[in-house]
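Chemist: give me a model of this one.
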Amino acid sequence: MSTERQPHVLVVDDDREVRTLLSKFLAQHGFRVSVAADGRQMDKALALGQVDLIVLDVMMPGEDGLAICRRLRKDNAVPILMLTASAEETDRIVGLEIGADDYMAKPFNPRELVARIRAVLRRSHATATPTRARGQWRFEGWRLDAPRRELHRPDGVLVNLSGGEFDLLLAFVEHPQRVLTRDLLLDLARGRVASPYDRSIDVQVSRLRRKIEADPANPILIKTVRTGGYIFTPEVAALVGES
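Modeler: Here you go, the predicted model:
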């Protein structure tokens, strides 16, 4: 057995041919792969052991991918990469808004899928750079713990964040009271350059506001800068010596 555990990817797709092809291709690139044809099989696979990432098809009969993603995000932060046969940008935005970490449109290049899976896993495990894995920060009573990838409310309650939400908040607390453009936030939080129509940061900001703002409709922690991006307004204090 290898000393380094293979990342475990769960492919959820009702198309048997897609499941077979992805399973073989991902296995060839160093992943342990499980497959599921629907949400029920996915639940059974998740109950059997740790899954590092889910590749989730949107268009499935019965409980579709969007419904599954929404259900998972109630109590599970496992990274999700969604596959969609629709070319509509709005469909992709919906997926991000309900908690997906990334998306790809079908048909896709399998090598790009592998690259995106690895990128999401790097962000999820906070291994992209050493600085992003260190320390804790406090703002307005909230505490962000980078090594544990946890956010605690002022009353101490743990807030469930997706990988994308955590990385975005970490980018904000590392650059407080500074205007951050969308392109810069994509680079800091998602590790990739924005496309001309990439609205994923706006979606992530909206989701993050719903979790940390007293009134998400009138945010005071994450303010929009017209034509400029966003600014994280609180004073941020590093908690020295805590882990």
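Chemist: contacts for stretch 45-54, please.
Modeler: Stretch 45-54 is contacted by residues 7-12, 34, 36, 42, 72, 76, 78-81, 117, 120-121, 124 when judged by C-beta atoms under 8 Å, 6 or more residues apart in numbering. C-beta coordinates here come from the backbone N, C-alpha and C atoms, glycine included.
Chemist: and the end-to-end length of it?
Modeler: 11 Å (C-alpha to C-alpha, to the nearest Å).
Chemist: tell me which helix or strand comes right after the top helix by length along the chain.
Modeler: Taking DSSP state H as the criterion, the chain has its longest helix at helix 110-125. Remark: after helix 110-125, the chain's next helix or strand is strand 136-139, criterion DSSP states H and E.
Chemist: show me the contact partners of that next one.
Modeler: For strand 136-139, contacts defined as C-beta under 8 Å, 6+ apart pick out 143-147, 173-174, 176, 221, 234-239, 242-243.
Chemist: if we use 6 Å, what do you get?
Modeler: Outside strand 136-139, the residues within contact range by C-beta atoms under 6 Å, 6 or more residues apart in numbering are 144-145, 173, 234, 236-239, 242.
Chemist: list the strands paired with it, with their directions.
Modeler: strand 142-145 (antiparallel), strand 237-238 (antiparallel) (DSSP bridges).
Chemist: worst average pLDDT in the ones you listed?
Modeler: When mean pLDDT is averaged over each of the strands paired with strand 136-139, strand 237-238 scores lowest at a mean of 87.
Chemist: now do the contacts for residue 63.
Modeler: By C-beta under 6 Å, 6+ apart, residue 63 lies in contact with residue 39.
Chemist: next SSE after the helix or strand bottoming out on mean pLDDT in the chain?
Modeler: Every helix and strand in the chain was compared by mean pLDDT, DSSP states H and E; the lowest is helix 89-97, with a mean of 72. Following helix 89-97 in sequence order, the next helix or strand is strand 102-105 (DSSP H and E).
Chemist: please enumerate residues in contact with that following strand?
Modeler: Contact with strand 102-105 is made by 81-84, 92, 95, 116, 120, as judged by C-beta under 6 Å, 6+ apart.
Chemist: which one among these gets closest to residue 107?
Modeler: Nearest to residue 107 among the contacts of strand 102-105 is residue 83, at 10.0 Å by C-beta to C-beta.
Chemist: what bridges to the closest one?
Modeler: Bridge pairing for residue 83 - DSSP bridges - gives residue 57, residue 104.
Chemist: surely it is in contact with residue 59?
Modeler: No - assessed by C-beta atoms under 6 Å, residue 83 is found out of contact with residue 59, at 8.8 Å.
Chemist: tell me where the chain has helices.
Modeler: Using DSSP H, the helices of the chain run over 16-28, 39-48, 65-72, 89-97, 110-125, 163-174, 182-185, 200-212.
Chemist: quick one: closest of those helices to residue 153.
Modeler: Comparing the helices of the chain against residue 153 with C-beta to C-beta, the closest turns out to be helix 200-212 (8.4 Å).
Chemist: quickly list the domain ranges of the protein.
Modeler: Under the assignment automatic domain parsing, the domains of the chain span 8-125, 130-238.
Chemist: looking at those domains, which has the lowest confidence?
Modeler: The minimum mean pLDDT among the domains of the chain belongs to domain 130-238 (a mean of 83).
Chemist: just checking, residue 165 touches residue 208?
Modeler: Yes - between residue 165 and residue 208 there is a contact under C-beta under 6 Å: 5.2 Å.
Chemist: in CSV: the helices of the chain, plus distance to residue 226 and mean neighbour count.
Modeler: Listed next are the helices of the chain as CSV, based on distance: least, C-beta to C-beta, whole Å; neighbours: other C-beta atoms under 10 Å:
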stretch, distance to residue 226, mean neighbour count
helix 16-28, 42, 15
helix 39-48, 41, 14
helix 65-72, 31, 20
helix 89-97, 21, 18
helix 110-125, 28, 17
helix 163-174, 18, 24
helix 182-185, 13, 18
helix 200-212, 13, 20
